[in-house]
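J.: What would the 3D arrangement of this be:
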Amino acid sequence: MSKATYEQAQLQLQLFEQRREARIRQARDWFFRNYFPESAEDNMKIAPPGSENGTNVMMVLTYWEQACALLNNDLLHEDLFFETTGEFFGVFERVRGILPQIRQQWVDPTFLTNLEKVSQRFEAWKEKRAPGHITAMRQFMKQWRAQTAKAA
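T.: Residues are numbered from 1 along each chain as shown. You can find the predicted model right below:
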């Protein structure tokens, strides 16, 4: 792949700056500590629309959907993006199992398609560079969830 352009690097830095904004940081923190849905029904219980938790989830999901849309439209450099962030993949892993249900429930087959496509490419990209990393990360997330459930 070609080298990142100055404009692509600048846009990626702008995305990073947005992630540092206080409200999105609060939403990201809540998301990773509390959002472990196993079904669309769980999603509605944990983060109902109009609630603070629902706002947190949608802020995180739509932030990463937007960032991934920029990547999918060639406005960001893929290797640079993958080399400097993996959080989007952790976000996708939280919804991966329930995404078909949510898409059906909301009658929106396009919901989070940019995040999904980028996550699939990232998985292949990472596996070439660090075989076994994705499997280990998924195992870690499973253990983290179990520990969080015990603490609750």
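J.: Tell me the buried residues in stretch 45-59?
T.: Neighbour-count burial for stretch 45-59 flags 46-47, 53, 56-57, 59 (criterion: 16 or more other Cβ atoms under 10 Å). In short, each C-beta sits where N, CA and C put it, glycine included.
J.: and stretch 43-61, how far apart are its ends?
T.: 13 Å (Cα to Cα, to the nearest Å).
J.: so who does Gln12 touch?
T.: Contacts for Gln12 (Cβ atoms under 8 Å, 6 or more residues apart in numbering) come out as 4, 76-77, 80-81, 84.
J.: does it count as helix, strand or coil?
T.: helix (DSSP: H, G, I helix; E, B strand; the rest coil).
J.: which helix in this structure runs the most residues?
T.: Assignment by DSSP state H gives helix 52-72 as the longest helix of the chain.
J.: Show me what that helix is in contact with.
T.: Identification of contacts with helix 52-72 by Cβ under 8 Å, 6+ apart yields 11, 15, 18-19, 23-24, 26-28, 30-31, 34-35, 43, 46-48, 76, 78, 81, 87-88, 91-92, 95, 112, 114-115, 117-119.
J.: tell me the average confidence for it?
T.: Helix 52-72 comes out with an average pLDDT of 98.
J.: Quick check: Phe122 touching Glu87?
T.: No: judged on Cβ atoms under 8 Å, Phe122 makes no contact with Glu87 at a distance of 10.9 Å.
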